[in-house]
Structures are given as structure tokens and as C-alpha cells.
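*Asks:* Sequence first, predicted model second:
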Amino acid sequence: MSVEDLYPVDRVRHMPFFYYPTVNTDTDQLTDDSEVAFRRDLADRSAERRKAILYLHVPFCRTHCSFCFYNINVVKEDDPVMRAYADALLREMEFYAKSAYARGLSIEHIFIGGGTPTRLPDAQLRRVLQGLRDHFDLSRVQDFTIEMNLETMSPSNLELCHELGVNRVSFGWQTSVPRLRKFLALVPSEETLADRLSHLERLGYPLIWDIMYALPTQTAQDWDVDVKRSIDLGVACIDIHRTDLVPPAPLYHLVREGKLELPTQAEALAQYLQAYRALKDAGYVFNTFQQFNRPDVPSAVSHYGRYYYRSSHDMLALGPGAMGIAASWAYMNERDIADYVARAKDGGPFWSCAHHVSDRTWQERDFVLGMGQLWSVPKSLLRDALSPQQDAALEKLIAHGAVVETPEEYRLSEDAVGYHFSVASEFQTQEELGRNVGYLRSMPSEIVWNSSRKRTATRAE
Ligand SMILES: C[S@@+](CC[C@H](N)C(=O)[O-])C[C@H]1O[C@@H](n2cnc3c(N)ncnc32)[C@H](O)[C@@H]1O
Ligand code: SF4
């Protein structure tokens, strides 16, 4: 009984989204009742120094890379919407700063993502970073990351970030293969890369970048070039992103029309294992299933990236479309920038959806996200007895050598590397599967639900 008996390679799962529970406009639209209850919990409950991570979404970019489905708006450098956005964000910070619960959280890890936070003019970026310092106690913050894009990274915004406490800067390089860069609409040149690396180095920032696999037409040789280059360049934290083509990524439409094919599950799995082995052989250590670190550069590790997936931490998420989980409410903010700004002027609520999370769901979350993303579930986190589904799944997975039980944890076995999402999905309940469908439906454009396998955009099973 092996892992392959459980999950034939053509059926190995991939999960494009990493929220659990997801919240969506089908089932979780904010109602008067849920708004009152969520507000009451934030006002009355005490967080008692519960650990937390903080995410802040900046939905602006200079150009739209053809593969990207994130909630972004392409804006000109002087677009006044960025000032309006910063005004609204400061109001959202103020809202949480006034809540007893949020004030009682111990924020330890911060991630400013997007989009491209450095699309903001320096003056607005300063207001946002300063706003965080003014509204939250950041004295316990360990890692403080900002995502940049090479085109908008500059000596002045790097210095500004450095001055205001940001200690990790990450950016997407995606690939060094010219044919792929062209087709992905990636603007930065090799010269720009060299220039920006010199600025990062001058300020003492470790090198952290994202590269992508399972891209249309990408061969194993292409992928080898990108993995090897990351290692040779000494990138301290490498994020390997599997391509998901969902709306509103411009490339999605080509897939939908059958003009472009994504690799098969087996090919994508092979590329994942190719990188996993190469990084391991080069001495990189696992942080999450897609993030690998050089052990000699601890400052490059994103603890945020781990605690995102653990019930030990709340996640306060700010900005348009941000999804968080606080005071046992999973929520999604209004995605549309104009509506988000309008809500701020009305004094909130910033949430468009909210859903109360029970202890049972927190435990499901520890299994689903723990097995899928971190390959382990510490027993100390479990809040309840194992459910019949969890019991049965563990028995089956242990019998097939996919999971190992120790006194401290349930752990994915080395044989099951690459099958982590198949393992994780054993713990997903029917109710939450329904929520996932609703989440996909709540994305801005239409998704192809029943097209042939070759054309299914996300390849999610
Ligand atoms: C939210 S983006 C922000 C990065 C930053 N704006 C930049 O371009 O450098 C973070 C990363 O998500 C990954 N990403 C974007 N679109 C993706 C997709 N369709 N599938 C998989 N990963 C994707 C890319 O690797 C990207 O660097
Ligand atoms: S990859 Fe980065 S720069 Fe490109 S569209 Fe997405 S968020 Fe914007």
C-alpha cells in the first residue's frame, strides 16, 4: 500500500487557493446580524495577547503581467486613487486600533503585499507605513515584509521602507527564460535586475524572489535554468509558485478558448519534485511547501508565511479584497477599490463577507492548511477530539505511508512529497468544499466549470 495507490499521478490534487475557511458572496455576504455580531466580538472580547499576523493589500500595479489573477488595478504613477486608497486604509487601521480585541493582539509578523506596494508614490507609502506604526503596537514584530516589483523599486522607496522597519523585501522574477518573459508580459530587464540587486545589497536586504513553474510551454530544461540560477545567485529565500490561470489573468482567456495548454498534473508534479530535490541538494531548508530558505540567512525567513496556516495566530487583513481571520470571524473586505473607499467614508464596514469560525472549523483548518502547506499538524494545536472524518483519514494515510504520527505531531512522509494537497483534501469537509466553489464564483469574471480537462483553467480537481 503506497502513496501512489491512493493518488494516481493523473489525479494528484492541486489547490490554487490557500484560505480555510474561504468566505464568499454565495454563503457569507455580510448581513445586519453578522455585522453586529462581528463588531460586538471585536469590541467586547479580549484577545489576551493572542499572537497575530497582519496583512495589508495594496491593489495597484504599473502593468498587468499576463499570468496574474490577483486583485490589482493598473494605474498611472500620479493617479489620485492612490491617495484616496491610503486615506481609506488609514481609516480601516483606526477602526481596528479602536477595537479592544485587535488592540489586545500581539502582532508578530507583517506582510504588505499586492499588487505592488511600491506602485504607491513615496508620500502615500510613507503614510501607510507610518499609519501602521501609529495604530498598532509593532514592538514584537519579527519579520516585516513588503512585496515590490523591480520596475517600481527605487533607492528612495527602499530607503523609506528601511527607515520604517521593513526587514524583508521580496519581488517576483518569475523566470530568466526570454521566450517565457515575453509571453508573460514581464517588463524588467536583466540590467534592471542587476541595478536593483545592488540597491538591496547596499541596504543589507537579503535576496528573496519568486519564480514560477507549470507555465504554458515551459519545459523541464527551462525550469532547471530558473532553479539553478536562483541557487547560483544565492537567493536566500526562494518562493516557487505553481501557475494557476484563473480570472482576471489575461492569459486565462487563451486557456479558456483552448489556444493555450497548461501542463498536465503529472508534468506539474514532476517540475515541483525537480525543484524540491535541487533545492534540498543545494542545502535549502523547507519553510512552506513553496518556500525554501538558505539556513545561513535567517533574516530571509518569512515566519508570516508559516503562521498564516496555523490556528495559533489570528490574521488581521487590511485593504481591498483582503481576507483575514480575527476574533473567530473569517472575513473578506470589499474588493472593488471605489466601493472600499466609499465604505471608509461611511465609517465602514470594510467587510463584504464574514463567517463565524467554530473550534471544529479551526481544527479542520489546522489539518487542511497544515498538511497542505506546512506538511505537519502539531497535536498541541488541536482544540477537539478528532472527528470521524479526521480519524478515518489519518488511519488510511498512515496505513499507506503518506503520514507519520509522532507523540508531537502528524507529519507528511517523504514519500508523500508532492501529494500534499491530495493528503490535505482528505480533511476538507463537504461544507467547506461548497464554500470554495462559492469563492471561485465570487471572483470578478466567469470561470469555466465543466470544460474538458485540457482546457480547465485552474486544473483544480
Ligand atoms: C501578488 S504577486 C506580487 C509580486 C510583485 N507585484 C511583483 O510582481 O514582483 C506575488 C507572486 O505571486 C505569483 N503569482 C502571480 N500570479 C500567479 C498565478 N497566476 N499563478 C501562480 N502564481 C502567481 C508570482 O510569482 C508573484 O511574484
Ligand atoms: S505579478 Fe506583481 S506586478 Fe505583475 S500584475 Fe501581479 S501583482 Fe502586478
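*Replies:* Yes, it's here. Ligands and ions are numbered 1, 2, ... in the order given.

*Asks:* From what I see, residue 184 and residue 218 are in contact.
*Replies:* No: with contact defined as C-beta atoms under 8 Å, residue 184 does not reach residue 218; the gap is 10.0 Å. In short, each C-beta sits where N, CA and C put it, glycine included.

*Asks:* looking just at contacts, which helices and strands does the helix or strand where residue 82 lies meet?
*Replies:* When secondary structure is defined using DSSP states H and E, the element that contains residue 82 is helix 81-97. Contacts of helix 81-97 with other secondary structure elements, assessed using 3 or more C-beta pairs under 8 Å, 6 or more residues apart in numbering; DSSP states H and E, are made with strand 60-61, helix 100-103, helix 122-135, strand 313-318, helix 337-345.

*Asks:* Kindly tell me how buried residue 148 is, as a neighbour count.
*Replies:* Look at residue 148: counted by other C-beta atoms under 10 Å, it has 26 neighbours.

*Asks:* Provide the backbone phi and psi angles at it.
*Replies:* With angles defined as degrees, to the nearest 10, residue 148 shows backbone torsions of phi -130, psi 170.

*Asks:* Please name the bridge partners of it.
*Replies:* residue 171 (DSSP bridges).

*Asks:* Might you list the low-confidence residue ranges for the stretch 301-450 of the chain?
*Replies:* The stretch 301-450 of the chain contains residues with pLDDT under 70 at 438, 440-450.

*Asks:* and the protein, which residues reach ligand 2?
*Replies:* With the criterion set to C-beta under 6 Å from any ligand atom, the chain comes near ligand 2 through 61, 64-65, 68, 70, 72, 114-116, 149, 172.

*Asks:* repeat that with 5 Å
*Replies:* Proximity of the chain to ligand 2 (C-beta under 5 Å from any ligand atom) is limited to residues 61, 64-65, 68, 115-116, 149.

*Asks:* In contact with the closest residue to residue 46 other than its chain neighbours: list those residues for me.
*Replies:* For residue 46, the nearest residue in space outside its immediate sequence neighbours is residue 104; the separation is 5.4 Å by C-beta to C-beta, 6 or more residues apart in numbering. Residues touching residue 104, when contacts are defined by C-beta atoms under 8 Å, 6 or more residues apart in numbering, comprise 46-50.

*Asks:* Which residue, other than its chain neighbours, is closest to residue 201?
*Replies:* With C-beta to C-beta, 6+ apart as the measure, residue 207 is the residue that lies nearest to residue 201, at 8.0 Å, once sequence neighbours are left out.

*Asks:* Do I have it right that the one you found meets residue 234?
*Replies:* Yes: taking contacts as C-beta under 8 Å, residue 207 lies within contact range of residue 234: 6.6 Å.

*Asks:* When those two are compared, which one has more neighbours?
*Replies:* Set side by side, residue 207 and residue 234 show more neighbours around residue 207, with 21 against 11, by other C-beta under 10 Å.

*Asks:* Check the gap between the more buried one and residue 114 for me.
*Replies:* Distance check for residue 207 against residue 114: by C-beta to C-beta, to the nearest Å, it reads 20 Å.

*Asks:* what does residue 64 give?
*Replies:* Taking C-beta to C-beta as the measure, residue 64 and residue 114 are separated by 12 Å.

*Asks:* the more surrounded of these two?
*Replies:* Of the pair residue 64 and residue 114, residue 114 is the one with more neighbours under other C-beta under 10 Å, namely 22 against 15.

*Asks:* show me the contacts for the closest residue to that one other than its chain neighbours.
*Replies:* Here the nearest residue to residue 114 in space, its sequence neighbours aside, is residue 58; by C-beta to C-beta, 6+ apart that works out to 4.3 Å. Going by C-beta under 8 Å, 6+ apart, residue 58 touches 85, 112-117, 119-120, 128, 319.

*Asks:* Which members of the residues you listed are the farthest-apart pair?
*Replies:* For those, the maximum inter-member distance is 14.4 Å, found between 85 and 113 (C-beta to C-beta).

*Asks:* Of the two, give the one with the bigger neighbour count.
*Replies:* In this view residue 85 and residue 113 are compared by other C-beta under 10 Å, and residue 85 has more residues nearby, 27 against 19.

*Asks:* got the contact list for that one?
*Replies:* 58-60, 124, 320, 337, 340-341.

*Asks:* ok, now with 7 Å
*Replies:* Residue 85 sits next to 337, 341 when contact means C-beta atoms under 7 Å, 6 or more residues apart in numbering.

*Asks:* Same check on the one 10 residues further on?
*Replies:* Contact analysis of residue 95 by C-beta under 7 Å, 6+ apart lists residue 348.

*Asks:* can you offset everything so residue one is 13?
*Replies:* Sure, I'll start numbering at 13, so the last one becomes residue 107.

*Asks:* Any idea how many residues pack against the closest residue to residue 288 other than its chain neighbours?
*Replies:* For residue 288, the nearest residue in space outside its immediate sequence neighbours is residue 429; the separation is 6.2 Å by C-beta to C-beta, 6+ apart. As a burial measure, residue 429 scores 18 neighbours (other C-beta under 10 Å).

*Asks:* same deal with residue 50?
*Replies:* With other C-beta under 10 Å as criterion, residue 50 counts 21.

*Asks:* And it, its phi and psi?
*Replies:* Main-chain torsions, residue 50, degrees, to the nearest 10: phi -70, psi -50.

*Asks:* one step back: make a markdown table from the residues of the chain next to ligand 2 and add secondary structure and distance to residue 300 to it.
*Replies:* A markdown table is the format used below for those (DSSP: H, G, I helix; E, B strand; the rest coil; distance: C-beta to C-beta, whole Å):
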| residue | secondary structure | distance to residue 300 |
| --- | --- | --- |
| 73 | strand | 24 |
| 76 | coil | 26 |
| 77 | coil | 22 |
| 80 | coil | 20 |
| 127 | coil | 21 |
| 128 | coil | 22 |
| 161 | coil | 22 |
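
*Asks:* Now render these as TSV, adding pLDDT and distance to ligand 1.
*Replies:* Shown next, in TSV, are the residues of the chain next to ligand 2 (pLDDT from 0 to 100; distance: C-beta to the nearest ligand atom, whole Å):
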residue	pLDDT	distance to ligand 1
73	96	6
76	94	10
77	96	6
80	93	4
127	93	6
128	97	4
161	96	4
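
*Asks:* from those residues, which would you call buried?
*Replies:* Listed as buried from those are 73, 77, 80, 127-128, 161; burial here means 16 or more other C-beta atoms under 10 Å.

*Asks:* I'd say residue 168 and residue 135 touch.
*Replies:* No: if you go by C-beta atoms under 7 Å, residue 168 and residue 135 don't touch, sitting 10.6 Å apart.

*Asks:* For residue 281, give me its contacts.
*Replies:* With contact set as C-beta under 7 Å, 6+ apart, residue 281 has these partners: 21, 24, 430.
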